[in-house]
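K.L.:
no sequence on this one, just coordinates:
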């Protein structure tokens, strides 16, 4: 028996009230933090279906391997009044980039296809919408003011929730290229294309999305994103080789008529990304759109809901003054309305440019606001009240 | 790979349950208030993971 043990054994038994008090305090901490995490993971987000949505499917209808998992997301199909091409738009590849999900939301709630067909996914990696970056002190949700009140959305992460996919390997070896990638990117939906039917949850999700693209005969695939201002791939379209002409046309039209938009080629030797693999493994033209999001910048100040929505940050502005950014920023920041409007305009412009290049397979749509409209009236103006929606026209994401 | 992942996850949760049980046992046996607070604080992340909350 050691001296410590003798001291401990001869010490008087502590009053049970003290132990109960400390345990109770611990239980309180567990309950409050647990409830916060539970609410984040299970927060229901309503989607009021546009009159143009003709069908809502589950992703597992294209690949049974994700049935019953958190990533068995909704697939919104908008059949056109007249035939044409098929466009597939996804938001939520990286749910820490909320303008991408919200732009897809506006499509699902407002779009009516006149020619061609539109398919929309709002939560491509639904698992990643249920967690925020560990140690990042991110807000768990954010609220958009609307004409009828407000709507709250889950804030997410770049990677799938470790509760749904764990452990990570020492090195992630991408399939089928064999390229070595960072270990954590095995949970990054934009590093696991084209996916594997017997892979991890994230790999099976991209495989299911690829099956959707193949089975629905998608002509154009668009992956919506946001980027930090210190990242060179920003305010741009990244295009697969097969989409160079279309992307250049869209970039020129947007830059001439609405806002500056670049165009970059998808590097042929960088694997796992949608703009490379979707084009390589299907007949679809693959494009990726990037909008600026100061919230993601490493030099940002307080990581708050306000910063997320206004895109205003004095520290990022200071970084800009020192020439460290690849996109301009001033005291007005990059509000969420502007970021969402960039995406909706880019999608609409892609339809218009595609139709000019392919008049025999047109795409046209009404009801979706462009950049100027979203910036002026606010994104919330285009979100609809689930309480007044017709029966059967509200879906939970 | 996926089978191995599942196996590791099951073992991991068993370990978490075991460590949580040990911590609760030690909390029960602790005589000093500093130790009691320490056990409670250390226990929290184990319980959050065990109940699949975080």
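P.N.:
Thanks, I have it. Model, not experiment: these values are computed from the prediction. Numbers count the residues shown, from 1 in each chain, chains lettered A, B, ... in the order given.

K.L.:
residues touching residue 54, list them.
P.N.:
You didn't pick a chain, so chain A it is. The neighbours of residue A:54, taking Cβ atoms under 8 Å, 6 or more residues apart in numbering or on different chains as the test, are A:77, A:78, A:79. For every residue, glycine as well, the C-beta is placed using N, CA and C.

K.L.:
hm, I was asking about chain B
P.N.:
Contact analysis of residue B:54 by Cβ under 8 Å, 6+ apart lists A:33, A:34, A:37, A:163, B:45, B:48.

K.L.:
Likewise for residue A:215?
P.N.:
Taking Cβ under 8 Å, 6+ apart, we find residue A:215 in contact with residue A:62.

K.L.:
Can you give me the neighbour number for residue 36?
P.N.:
Picked chain A for this. If you count neighbours by other Cβ atoms under 10 Å in any protein chain shown, residue A:36 ends up with 13.

K.L.:
oops, chain B please
P.N.:
Other residues near residue B:36 number 23, with proximity taken as other Cβ under 10 Å.

K.L.:
Quick check: which helices or strands does the one helix or strand it maps to pack against?
P.N.:
Counting by DSSP states H and E, the element that carries residue B:36 is helix B:33-50. Counting contacts by 3 or more Cβ pairs under 8 Å, 6 or more residues apart in numbering or on different chains; DSSP states H and E, helix B:33-50 is packed against helix A:16-42, helix B:2-29.

K.L.:
Return the set of buried residues in the longest one.
P.N.:
Under the neighbour-count criterion of 16 or more other Cβ atoms under 10 Å in any protein chain shown, helix B:2-29 has B:5, B:16, B:20, B:23, B:24, B:27 buried.

K.L.:
Would you mind getting the angle between it and helix B:33-50?
P.N.:
Interaxial angle, helix B:2-29 versus helix B:33-50 (axes from the mean of the first three to the mean of the last three Cα atoms, to 10 degrees): 150 degrees.

K.L.:
Likewise for the first one?
P.N.:
Interaxial angle of helix A:16-42 relative to helix B:33-50 (the same axes, to 10 degrees): 30 degrees.

K.L.:
Just after helix A:16-42, pick out the following helix or strand.
P.N.:
Going down the chain from helix A:16-42, the next helix or strand is strand A:46-48, by DSSP H and E.

K.L.:
By proximity to chain A, which residue of chain B wins?
P.N.:
residue B:40 (3.4 Å; Cβ to the nearest Cβ).

K.L.:
Could you pull up the residues touching that residue?
P.N.:
Contacts for residue B:40 (Cβ under 8 Å, 6+ apart) come out as A:22, A:23, A:25, A:26, A:29, B:27.

K.L.:
Apply 10 Å and report the result again.
P.N.:
A:19, A:22-27, A:29-30, B:23-24, B:27, B:30 (Cβ atoms under 10 Å, 6 or more residues apart in numbering or on different chains).

K.L.:
Look up how far residue A:223 lies from it.
P.N.:
To residue A:223, residue B:40 is 45 Å away according to Cβ to Cβ, to the nearest Å.

K.L.:
repeat for residue A:54
P.N.:
Per Cβ to Cβ, residue A:54 is found 23 Å from residue A:223.

K.L.:
Kindly report the same for residue A:285.
P.N.:
Distance from residue A:285 to residue A:223, by Cβ to Cβ: 12 Å.

K.L.:
Now the common contact residues for the two.
P.N.:
When Cβ under 10 Å, 6+ apart defines a contact, the residues bordering residue A:285 and residue A:223 alike are A:275, A:278.

K.L.:
Could you list the low-pLDDT ranges of the chain?
P.N.:
By default, I'm working from chain A. Judged by pLDDT under 70, chain A has its weakly predicted residues at A:1-14.

K.L.:
actually chain B
P.N.:
Applying pLDDT under 70 to chain B flags no residue at all.

K.L.:
redo that, cut-off 90
P.N.:
Within chain B, the stretches with pLDDT under 90 are B:1-6.

K.L.:
Nearest to chain B: which residue in chain A?
P.N.:
In chain A, the residue that lies nearest chain B is residue A:26 (3.4 Å; Cβ to the nearest Cβ).

K.L.:
can you count the residues close to that residue?
P.N.:
Residue A:26 has 20 nearby residues by other Cβ under 10 Å.

K.L.:
just residue A:310 next, same as before
P.N.:
17.

K.L.:
closest to residue A:305 out of the helices and strands packed on helix B:33-50?
P.N.:
Proximity to residue A:305, assessed across the helices and strands packed on helix B:33-50 by Cβ to Cβ, is greatest for helix A:16-42 (13.3 Å).

K.L.:
by contact count, what packs against the closest one?
P.N.:
With contacts defined as 3 or more Cβ pairs under 10 Å, 6 or more residues apart in numbering or on different chains; DSSP states H and E, helix A:16-42 has these neighbours: strand A:149-154, helix B:2-29, helix B:33-50.

K.L.:
quick one, what contacts residue A:57?
P.N.:
By Cβ under 10 Å, 6+ apart, the contact set of residue A:57 is A:73, A:74, A:75, A:76, A:77, A:119, A:212, A:216.

K.L.:
Near the fifth one, how many other residues are there?
P.N.:
It refers to residue A:77. 18.

K.L.:
With distance to residue A:150 added, can I get the contacts of residue B:40 in TSV?
P.N.:
Shown next, in TSV, are the contacts of residue B:40 (distance: Cβ to Cβ, whole Å):
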residue	distance to residue A:150
A:19	44
A:22	40
A:23	39
A:24	35
A:25	34
A:26	35
A:27	33
A:29	29
A:30	30
B:23	42
B:24	42
B:27	43
B:30	47
